[in-house]
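Predicted model, plus sequence, below.
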Amino acid sequence: MGFLKILSSLLIVFSSSLIGYYYGNKYSLRLENLLYLEQCIKILETEIVYGAIPLPEALTNVYLKGNKKVSYIFEEVKSNLLNNKDEDLYGSFYRVGSKLIEELNFTKEDVELFLSLGRLLGSSDRSDQEKNFKLLLNQIEILKDEALVEKNKN
């Protein structure tokens with residue numbers, strides 16, 4: 001009888017630890033992926049503002065130069081944009097938005113920030129685009145700080 005109690009206690013401790021590591025890992029991955037998203041947006045800013053490269057080519061360059069854990073979403077945005085002629089740029093970003101929560105552990109705030117990138121691109125001239133990118137990168141900094149606090153707390 002005592003052996004059964006010890007075994008069940010160990011099972012409870014082990015399963016609780018596994019659940020804790022799983023949820024803790026989600027917070028760590030979110031912070032890591034926000035860092036990679038920031039890097040990808042900086043690459044996109046360079047391609048569009050300073051290089052004056054067309055958007056589909058710029059999205060491909062982000063995919064090639066960025067970290068593949070996150071940059072693949074820009075290739076999917078490009079594919080959606082080119083394959084669905086009836087859809088606008090925001091629609092292409094919106095189609096990818098659900099993957100951000102499922103695969104990259106982003107929150108709804110993070111996804112909304114990503115979707116705002118789809119609203120901003122191509123809506124103004126290069127100087128306004130540069131201002132929009134700076135604002136977007138500042139918002140990512142705030143989200144990274146929040147993610148770091150959540151990671152340390154959990």
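Arrived safely, thanks for sending.

from here on, contacts and neighbour counts on C-alpha atoms
OK.

Run through the helices of this protein in chain order.
Secondary structure of the chain (DSSP state H): helices at 2-45, 55-65, 68-83, 89-104, 108-120, 126-153.

Serialize these to JSON lines and add fields for mean neighbour count.
Listed next are the helices of the chain as JSON lines, based on neighbours: other Cα atoms under 10 Å:
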{"stretch": "helix 2-45", "mean neighbour count": "15"}
{"stretch": "helix 55-65", "mean neighbour count": "19"}
{"stretch": "helix 68-83", "mean neighbour count": "19"}
{"stretch": "helix 89-104", "mean neighbour count": "17"}
{"stretch": "helix 108-120", "mean neighbour count": "17"}
{"stretch": "helix 126-153", "mean neighbour count": "16"}
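
Now tabulate these in CSV and tack on mean pLDDT.
Output for those, formatted as CSV (pLDDT from 0 to 100):
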stretch, mean pLDDT
helix 2-45, 87
helix 55-65, 93
helix 68-83, 91
helix 89-104, 86
helix 108-120, 91
helix 126-153, 90
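
For Ala147, give its distance to Gln39.
Distance from Ala147 to Gln39, counting by Cα to Cα, to the nearest Å: 16 Å.

before we move on, what about Ser79?
Ser79 is 21 Å from Gln39, by Cα to Cα.

same question, Leu11
Counting by Cα to Cα, the gap from Leu11 to Gln39 is 42 Å.

OK, contacts around the closest residue to Cys40 other than its chain neighbours?
Leaving aside its chain neighbours, Cys40 sits nearest to Gly66 (5.4 Å; criterion: Cα to Cα, 6 or more residues apart in numbering). By Cα atoms under 8 Å, 6 or more residues apart in numbering, Gly66 lies in contact with Tyr36, Gln39, Cys40, Ile43.

Tabulate those residues (a markdown table), appending distance to Val62.
Formatted as a markdown table, those follow (distance: Cα to Cα, whole Å):
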| residue | distance to Val62 |
| --- | --- |
| Tyr36 | 11 |
| Gln39 | 9 |
| Cys40 | 6 |
| Ile43 | 6 |
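
And the furthest pair within the residues you listed?
Tyr36 and Ile43 (10.6 Å; Cα to Cα).
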